[in-house]
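Trainee: heads up, no residue letters with this:
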């Protein structure tokens, strides 16, 4: 019923009429999904897949309460925000209540990209400065202004026009980054890098408008910045007249469990100047929001330019946004993310003892990364192994992806209704596939020896508080050629034959 | 039931939590709308308003077929385009069928702004050039790359950074522009201006990536370019290695009646290289599309950068898009736009004989502009009168807006189910209000004399084919301070006291 064409015809039509830059998952054998419910997706033959990657279907695919709220409001009214509507103000009020008080002014837009672009406009106007500091491997969206501040993307372009107004700071990755878990104070070390960038920019007469970072770097490889890093960066950036933009597009809305927003993991003494939202906000409905301070909002207005977004903040989007907030609360999805996320991290950490391929397990709530390496000491990225694992899991009806600069980090960011049973299932399957892989590549025989050099300290740290401690300048991997983290098909990567 | 707060509370909460740059219609007495159906909107007291401005609610507010299609698909599945789905390919196929064959490759995005930004990225990549030619008074969207090519916006900024890569050509407005209806060949004259810009840019070593224009300039004042203009511009631009982008965000999907796309008014010998869509495409649902040629699509892919848009082309958006296309066909809304649009233009043209304030009536289908002037010979913009009219019509339960560089052009762009009865009603009310206004300002007594100098030739032209013929360098009006055409509240404009 939900299928009109057979799969081959669908593929053919897609080839004919859809931009060739728009890639599918598993390009060697793409999937046709016709329905989904909760954390499960179903293909055209009724086969069920466990979804470990869809952070957009935040409260579960096709959640009935969200569907109902959207349908009801569509029947009544869907128009622009130039008319007063209670959904808009109620939603703004509800969102505000999840945030520190100084973040009180909302702008409703349609996507994470629109949100981040507006954040830049707000920062430029407020500060009167032009330059942006971004993190290495960062991805902030697909519009041109954001490609320019996304090293995940612009490092790929042949003709990097070397935008002088964009400065790239090292990613605060304590496993593979410049300062690692053995560093006495990685937060200060990484923030000092930002301070140095500021000082060098000033020497050239440049001025910084903003520092932007995902509260947890997602495409960059599930990176959890050391606590205190944002505070120190904010101090440097504000001291130079700039603002701090926290990009919560991928990681907000309770995914981290202990807090509603991932920036809150840094401590109560930290508050960004601008927060951007996206993906999970409408459980799939195209909507998004930027929240900032009254001062920044006033300065944007003082420019004399009105801001209008045709679809942004329409009554349907707001009804859906409200329903998502209701479901998160009613079903205690934050609590679930905390419990199931901890359980998942614990199970994965246990696998480290068995599998030398697992170099690191790190996570908070239902945002978990597993870094695969060929050698735990050298931390050689196991890129092909990660891709192979992803395809083999798909054969086992499990959807997982690998990302990061070396595409060797397994990314867990499932719908928030993910259960302990789901966690056990996926870890069991990973165990099976890794066992096969290690046998085929001979890694198995080295396992015991290598494990002793392994990062068991990080593993424990991860269990305790979902964070992990990290040196060595990163090199950007040219094979990173896509705009999103979810995909395991960026460029054809040689798969292992096992 | 649809109201949670009383109006004052809604206003208060909006002031508290929504960005102050986000303006409401009729800021002196904003409207709270709680439901809408067809071409009617209803306020919190059940008062019905005739909607002459909502080009987004294209097939009528809350059209049941569109609502049903959206609700059904939301229940089944709403996920990203990395999975194969029949809705996506079917919709791409259906859209393609409305366009010339060479426009065969679609990219699905979430808003007109995302579409125009992607169009720029496609043009930059395909041509290897950087510069853009845009029309004066043009508005192409709210993201930063588009503010830069929207004179409607950037002329307002105090610190115009004078982007060297943006070139502004005169708007092909034959009523108020550089070459007017008395010019023997305004199409060639206006296109020669573009040719001169190209030549000057080349002298400076600059290269043009694209010419971008709305097929009919909307915010710029309901401007209908003389037929043949696009062909000549395209020839110059392509000769210089650039591409032609037709922005159909406001005017596409059959609004012009005789054709599905407004660029088709220029003649069968014209085809753009890139077409961008938006507003009406989903009847309010946030969605949008860019369609281009296979060559441009291939070149974008050859850059090695994948394009992924989280919400773009999701099964719900595509189901809604398909339903909109179905309703346009089933209810013959193009035929209705043609019939009712002609009738509306005819009624308005008749009013010219009576009202010296009406300087010009121009339109195609349900895209109609009425330019108010204080003096038909000098064509002095009747800005305050236009604002006063808009407010008085609102008191009469009719929603209309005024736009253009002088904010003196009444803009008709109603839902496509607008009826002849609606047309009669709004023209009767305009007649009443103009009569009052002219009496109060003394214009009435000059009416007979002035009418003889009036543009009756243009009026007939308008009736015949929906086009009208135009000199005098335009000056940008600093009071244009908003991003959208629909609003009559850009800046406080002194209203007449009558």
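Mentor: Received it, and whenever you're ready, just let me know what you need. If you're wondering where the values come from, they're calculated on a predicted model, not measured in any experiment.

Trainee: so how far is the strand or helix carrying residue A:125 from its chain's centroid?
Mentor: Secondary structure from DSSP states H and E places residue A:125 in helix A:112-127. Relative to its parent chain, helix A:112-127 has a centroid offset of 19 Å by C-alpha atoms, centre = their mean, to the nearest Å.

Trainee: I'd like the mean pLDDT over it, please.
Mentor: Averaging pLDDT along helix A:112-127 gives 98.

Trainee: cool, and stretch A:304-319?
Mentor: Stretch A:304-319 shows a mean pLDDT of 96 in the predicted model.

Trainee: can you pull the buried residues of it?
Mentor: By neighbour count on 16 or more other C-beta atoms under 10 Å in any protein chain shown, the buried set for stretch A:304-319 is A:305-319. Using the backbone N, CA and C atoms, a C-beta is placed for each residue, glycine as well.

Trainee: stretch A:84-95 too?
Mentor: Neighbour-count burial for stretch A:84-95, with 16+ other C-beta under 10 Å as criterion, is recorded at A:84-92, A:94-95.

Trainee: for residue A:245, helix, strand, or coil?
Mentor: Here residue A:245 is strand, with the state taken from DSSP: H, G, I helix; E, B strand; the rest coil.

Trainee: name whatever forms a beta bridge with the spatially closest residue to it that is not a sequence neighbour.
Mentor: Excluding the flanking residues, the one nearest residue A:245 by C-beta to C-beta, 6 or more residues apart in numbering or on different chains is residue A:212, at 4.1 Å. Beta-bridge partners of residue A:212, counted by DSSP bridges, are residue A:134, residue A:245.

Trainee: wait, doesn't residue A:212 sit right on residue A:117?
Mentor: No - Residue A:212 is beyond contact range of residue A:117, at 11.2 Å (criterion: C-beta atoms under 8 Å).

Trainee: so which of the buried residues of stretch A:84-95 are in helices?
Mentor: Those of the buried residues of stretch A:84-95 mapping onto helices are A:86-92, A:94-95, per DSSP state H.

Trainee: now do the strand or helix carrying residue A:275, average pLDDT.
Mentor: Take DSSP H and E as the rule and residue A:275 turns out to sit in strand A:274-276. Average pLDDT, strand A:274-276: 98.

Trainee: so where's the stretch 151-300 of chain A uncertain?
Mentor: Scanning the stretch 151-300 of chain A for pLDDT under 70 picks out A:155-162.

Trainee: and the strands in it?
Mentor: For the stretch 151-300 of chain A, the strands defined by DSSP state E, counting those that start in this stretch cover A:166-169, A:208-214, A:243-247, A:274-276, A:288-292.

Trainee: what's the angle from the third one to strand A:288-292?
Mentor: Orientation check (axes from the mean of the first three to the mean of the last three C-alpha atoms, to 10 degrees): strand A:243-247 against strand A:288-292 gives 150 degrees.

Trainee: then the longest one?
Mentor: Comparing the axes of strand A:208-214 and strand A:288-292 via the same axes, to 10 degrees yields an angle of 130 degrees.

Trainee: what's the burial count for the nearest residue to residue A:64 once chain neighbours are set aside?
Mentor: Using C-beta to C-beta, 6+ apart and skipping the chain neighbours, the partner closest in space to residue A:64 is residue B:75 (7.8 Å). A count of neighbours around residue B:75, defined by other C-beta atoms under 10 Å in any protein chain shown, yields 16.

Trainee: so residue B:75, which state does it fall into?
Mentor: helix.

Trainee: quick one: residues contacting it.
Mentor: Taking C-beta atoms under 8 Å, 6 or more residues apart in numbering or on different chains, we find residue B:75 in contact with A:62, A:64, A:67.
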